[in-house]
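Chemist: let's see this in three dimensions:
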Amino acid sequence: MKLISYSDYQIKLADEAFLVKPIRKLFHQDRSERKERFWQQMAVLYFMYSPASNYNYIQDEEERLQEVLAQEGITDFKPSQDFKDAVVIYKKLSVTPSQKLLDDCLVAANTVGKFLRNINLEEEDRNGKPKYQVSQVVAALKNVEGIVASLQSLQKKVDQELQDGTKARGTQELSIGDIWAEQGI
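Modeler: The predicted structure follows:
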């Protein structure tokens, strides 16, 4: 379900987002007229945890948070317990099974990337023989193109699923209650 979206350089909330208690609580805690603190928190929530976020490629959450804060110009951000509660529910309501699979694939791809980046062709096993054969490394490099194509294809499918995610059969929209029941919330 798209509780938070980003378009025209603005964070937008669906009406149903205010039915989520931690989000509603964050809204009421910000007593300023323009709710700037609230909107900053929603921006962090979206860019950190939405499957549609441009920062989703950064696997390490701390690194992603630092990048989000820097790129979005958010200073002195300290997540409150209410914000952390909003994160838990937002994750449950926004992540699809395909997105979970894509995330797992990205973790595996990053592991392969680290291996290829750190491989030492001069390293020897305990018998003094080369640990890695050049032919094995070349074969692995040839497979990278297929891995990238598969990940891109899966990303497109996940994006399509997210666009279609709030639809039930036909054009009927799922309510937040339907999604909560489906997620066991």
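Chemist: would you map the helices across the protein?
Modeler: 21-29, 36-49, 61-72, 81-94, 97-118, 134-164, 176-183 (DSSP state H).
Chemist: among those, which gets the worst mean confidence?
Modeler: Lowest mean pLDDT within the helices of the chain: helix 176-183, at a mean of 61.
Chemist: now do residue 173, the pLDDT please.
Modeler: For residue 173, the predicted pLDDT is 53.
Chemist: what's the domain layout of this structure?
Modeler: Annotated domains of the chain cover 1-95+170-185, 97-164 [automatic domain parsing].
Chemist: I'd say residue 5 and residue 12 touch.
Modeler: Yes: between residue 5 and residue 12 there is a contact at 5.0 Å, judged by C-beta atoms under 8 Å. C-beta coordinates here come from the backbone N, C-alpha and C atoms, glycine included.
Chemist: from residue 85, how far out is residue 118?
Modeler: Separation of residue 118 from residue 85 (C-beta to C-beta, to the nearest Å): 39 Å.
Chemist: comparing the two, which residue is more hemmed in?
Modeler: residue 85 (16 against 7; other C-beta atoms under 10 Å).
Chemist: okay but that one is in contact with residue 22, surely?
Modeler: Yes: using C-beta under 8 Å, residue 85 is in contact with residue 22, at 4.0 Å.
Chemist: show the contacting residues for the closest residue to residue 14 other than its chain neighbours.
Modeler: Nearest residue to residue 14 in three dimensions, chain neighbours excluded: residue 3, at 5.4 Å (C-beta to C-beta, 6 or more residues apart in numbering). Contact partners of residue 3, counting by C-beta atoms under 8 Å, 6 or more residues apart in numbering, are 13, 14, 16, 17, 20, 23, 90, 93, 94.
Chemist: are any of those buried, and which?
Modeler: Buried subset of the contacts of residue 3 (neighbour count, 16 or more other C-beta atoms under 10 Å): 13, 16, 17, 20, 23, 90, 93, 94.
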